[in-house]
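Peer 1: Below is the structure, and that's it, no one-letter string:
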């Protein structure tokens, strides 16, 4: 009869154990594996509700092959090895090109650490079960400064590493329990399995450390991972020093991953007084000294530029003859692709564009790109035929330029290089795709936070292109109006709050009018995301306001001859916004190992992208690009370390193409480019003066600002991270607090200014 304890349960994780030790027999190892399997099933799983099974496999070849992991018969693999002499085994835990976790237990190193190898194997197996990719963080107090919030490593055994117990005659590791990762102590609660008391008859505290143990955490103030043990705990200090000397342990991997080594090396060179040579000055034969990127919001290629087929048959756009493309809904609405896209979507409509919705819009292999109209109808069941038509409609080009429906964007499309196979980096929303253009990854997170799902507020701690540029001494600026979305990235929030790298749009126009040599080498422009002056083109805001921004930026660059002749202006969009496009997104590779929620093996929907420079002809480039292509171009242009796996040679045929493939420079700059783009003023459009509703990415950004702690005022809802998720929880208090007022854009901007002033030395 089946064990009812395992009835209807998901299959457990399977960890392959390979014995490559000369001092441990397979028979002895099988005894240890049985004990650890019992520990996981009877001791660990009842508390944590997830587990694994260890299974012994035979070795293949003379040494482990990290590329193939030939012995793997499950989800992960651990090798037993005597000496610390395996090439590239810089820590217990790593992952091969397929993202499969693997690691080592070095028997002689375990002895140096004063630990039975059986305890080490138990320790590493439990931590592999808890966090296979070694990337989860939990928000909690700094161990020596409790008033400071840091992000603790989600490790099962480190805090109690000095403690063990015997099971079936085998010594195994103690481990922490879920309550350990909660800031409030609970009466009657236990924070670790053994519950041992210290000399003061106290058990392990939440986020605490027992004798012989240590903990690790990420400190956002320093933008670095750190480890901590009591200064008086000689055993723990020796353990940390030994692991560091041998480059061993999950902690070593955390501290030396995320491309932090180049920054540390550069910092040490500076402290040592070495002169710094810039990563790479722009070569003399490269006319581009400045790259300016304007990323607008939520529009598909077909909607904005598909009508170019009226005068250019090379464009993969809207057919001018024959039956229009169409989608059909479950209510038998037939929605055809026709001109007539509206500047403003009525009733505050905003098509679905979260990850799950986008996947539905992509349709099936038998019927690709067929779910856009149905997706809109699912969100707005009362949608009229006219409203459904807007999902498929496009902004047409005129017979002559003066009749174009989008004067700014269409003028640039007629005069410069259009990339008609530029895709968003993943099928999903604003935040995720903007993270890709800033850092090459969204760390595997698919959704933005909302009032309905506040747990989607994540910690985005990854390296960014701005870190690479700073390391290479390449000057950069982010220009913005109002609250910049990029500050959701931890590394950029630190810079913003300390007035490094961020300028408002008035500064952009002033710098563009000045000496070209003083203009930043890389400039990223964020539009205004909120209010009546919102100009990001995110539905349902008035698209003409984004046209005015686009014209203003172009005119500023064009009016400074020296700057114009040394600049590449990139106009692109973060994602498609739920609007129809007919080109099925191609395959790609995941940017990193964060693939638990989705495979990240497919690009998102096609978006409009135009490369603007007097060195480029008016033409169409059909190379497949995504936002990673811009990052690859920047990294190769200035000889910077790559960001993520997509731009590296290991990605093979699916490696992201560099944007440089579209930069076919002329021998001399053109003198026939538009001197100025004129966009008609918006007149009499009352709907354009209505502030768009606070929802979607607008709501997410305001929620992010709301949860930032502010000294001297009411603290926002406390964020506790469990397995990489933030859960909203009010701080414990005996007095009743009034509910804070709804945060709006003006209040968010005011709060950010207060935070910036508090970071400015008096």
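Peer 2: Good, I have the coordinates. Treat the numbers as computed from the prediction; the structure is a model and nothing was measured.
Peer 1: make it CA atoms for all contacts and neighbour counts henceforth
Peer 2: OK.
Peer 1: mind listing what residue 403 touches?
Peer 2: If you count contacts by C-alpha atoms under 8 Å, 6 or more residues apart in numbering, residue 403 has them with residue 397.
Peer 1: Find me the pLDDT at residue 216, would you?
Peer 2: For residue 216, the pLDDT comes out at 89.
Peer 1: repeat for the one 10 residues further on
Peer 2: On pLDDT, residue 226 comes in at 87.
Peer 1: Tell me the secondary structure at it.
Peer 2: Secondary structure state of residue 226, per DSSP: H, G, I helix; E, B strand; the rest coil, is strand.
Peer 1: my guess is it meets residue 153, correct?
Peer 2: No - Residue 226 lies out of contact with residue 153 (C-alpha atoms under 8 Å); the separation is 9.9 Å.
Peer 1: residues near residue 82, how many?
Peer 2: 20 (other C-alpha atoms under 10 Å).
Peer 1: what's near enough to touch it?
Peer 2: So residue 82 contacts 20, 21, 22, 23, 106, 107, 108, 109 (C-alpha under 8 Å, 6+ apart).
Peer 1: Tell me the secondary structure at residue 303.
Peer 2: helix.
Peer 1: which residues touch it?
Peer 2: 341, 392, 393, 394, 395, 579, 580, 581.
Peer 1: May I have the beta-bridge partners of the fourth one?
Peer 2: Going back to what we said before, that points to residue 394. Per DSSP bridges, the residues bridged to residue 394 are residue 339.
Peer 1: Count residues in the vicinity of it, would you?
Peer 2: Neighbour number of residue 394 under other C-alpha under 10 Å is 27.
Peer 1: Over to the first one?
Peer 2: Applying other C-alpha under 10 Å, we find 19 residues neighbouring residue 341.
Peer 1: these two touch, right, it and residue 387?
Peer 2: No - under the criterion of C-alpha under 8 Å, residue 341 is not in contact with residue 387, lying 10.3 Å apart.
Peer 1: the longest helix in the chain is where?
Peer 2: helix 543-558 (DSSP state H).
Peer 1: And for the helix or strand following that one, what's in contact with it?
Peer 2: As assigned by DSSP states H and E, the chain's next helix or strand after helix 543-558 is helix 561-564. Identification of contacts with helix 561-564 by C-alpha under 8 Å, 6+ apart yields 290, 512, 515, 516, 557, 558, 613, 614.
Peer 1: List buried residues within those residues.
Peer 2: The neighbour count (16 or more other C-alpha atoms under 10 Å) marks 290, 512, 516, 557, 558, 613, 614 as buried among these.
Peer 1: Could you list which of those residues belong to helices?
Peer 2: Per DSSP H, the subset of the buried ones among the contacts of helix 561-564 in helices is 512, 557, 558.
Peer 1: Quick one: end-to-end distance for stretch 589-605.
Peer 2: Counting by C-alpha to C-alpha, to the nearest Å, you get 16 Å between the two ends of stretch 589-605.
Peer 1: average model confidence for stretch 468-487?
Peer 2: On average, stretch 468-487 scores 95.
Peer 1: List the buried residues in stretch 434-449.
Peer 2: Within stretch 434-449, judged by 16+ other C-alpha under 10 Å, the buried ones are 434-449.
Peer 1: can you give me the end-to-end distance of that stretch?
Peer 2: 15 Å.
Peer 1: what about the helices in the stretch 451-600 of the chain?
Peer 2: Under the criterion DSSP state H, counting those that start in this stretch, the stretch 451-600 of the chain contains helices at 465-471, 490-497, 505-512, 543-558, 561-564.
Peer 1: what domains does the record give for the chain?
Peer 2: 13-261, 290-316+407-662 (the TED database).
Peer 1: Can you convert these into CSV and add a column each for distance to residue 673?
Peer 2: Formatted as CSV, the domains of the chain follow (distance: least, C-alpha to C-alpha, whole Å):
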stretch, distance to residue 673
domain 13-261, 41
domain 290-316+407-662, 7
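Peer 1: looking at those domains, which is buried most?
Peer 2: domain 290-316+407-662 (a mean of 21; mean count of other C-alpha atoms under 10 Å).
Peer 1: Does the nearest residue to residue 661 once chain neighbours are set aside lie in a helix or a strand, and which?
Peer 2: Spatial nearest neighbour of residue 661, excluding adjacent residues (C-alpha to C-alpha, 6 or more residues apart in numbering): residue 623 at 7.5 Å. According to DSSP H and E, residue 623 maps onto no helix or strand at all.
Peer 1: Verify the assumption that residue 694 is located in a strand.
Peer 2: No - read with three-state DSSP, residue 694 is coil and lies in no strand.
Peer 1: and it, how many neighbours?
Peer 2: Neighbours of residue 694 using other C-alpha under 10 Å come to 16.
Peer 1: Contacts only, for it.
Peer 2: Applying C-alpha under 8 Å, 6+ apart, no residues qualify as near residue 694.
Peer 1: separation between it and residue 350?
Peer 2: 11 Å.
Peer 1: ok, now residue 143?
Peer 2: On the measure of C-alpha to C-alpha, residue 143 and residue 350 end up 45 Å apart.
Peer 1: Next: residue 392.
Peer 2: Residue 392 is 14 Å from residue 350, by C-alpha to C-alpha.
Peer 1: And residue 119, by the same measure?
Peer 2: Applying C-alpha to C-alpha to residue 119 and residue 350 gives a distance of 55 Å.
Peer 1: ditto for residue 100
Peer 2: Taken as C-alpha to C-alpha, the span from residue 100 to residue 350 is 39 Å.
Peer 1: Tell me the secondary structure at the most centrally placed residue in the chain.
Peer 2: Most central in the chain under C-alpha atoms, centre = their mean is residue 442, positioned 1.7 Å from the mean C-alpha point. Secondary structure for residue 442, judged by three-state DSSP, is coil.
Peer 1: what's near enough to touch it?
Peer 2: 432, 433, 435, 436, 460.
Peer 1: Can you add secondary structure and give the residues you listed back as CSV?
Peer 2: Shown next, in CSV, are these (three-state DSSP):
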residue, secondary structure
432, helix
433, helix
435, helix
436, helix
460, strand
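Peer 1: Looking at these, which is nearest residue 137?
Peer 2: residue 460 (10.6 Å; C-alpha to C-alpha).
Peer 1: isn't the closest one right next to residue 489, touching?
Peer 2: Yes - assessed by C-alpha under 8 Å, residue 460 is found in contact with residue 489 at 5.1 Å.
Peer 1: joint contacts of those two?
Peer 2: By C-alpha under 8 Å, 6+ apart, no residue touches both residue 460 and residue 489.
Peer 1: Spatially, which two of the contacts of residue 442 are the most separated?
Peer 2: Farthest pair in these, by C-alpha to C-alpha: 433 and 460, 13.0 Å.
Peer 1: what about the helices of the stretch 451-600 of the chain, which gets the closest to residue 191?
Peer 2: helix 490-497 (29.4 Å).
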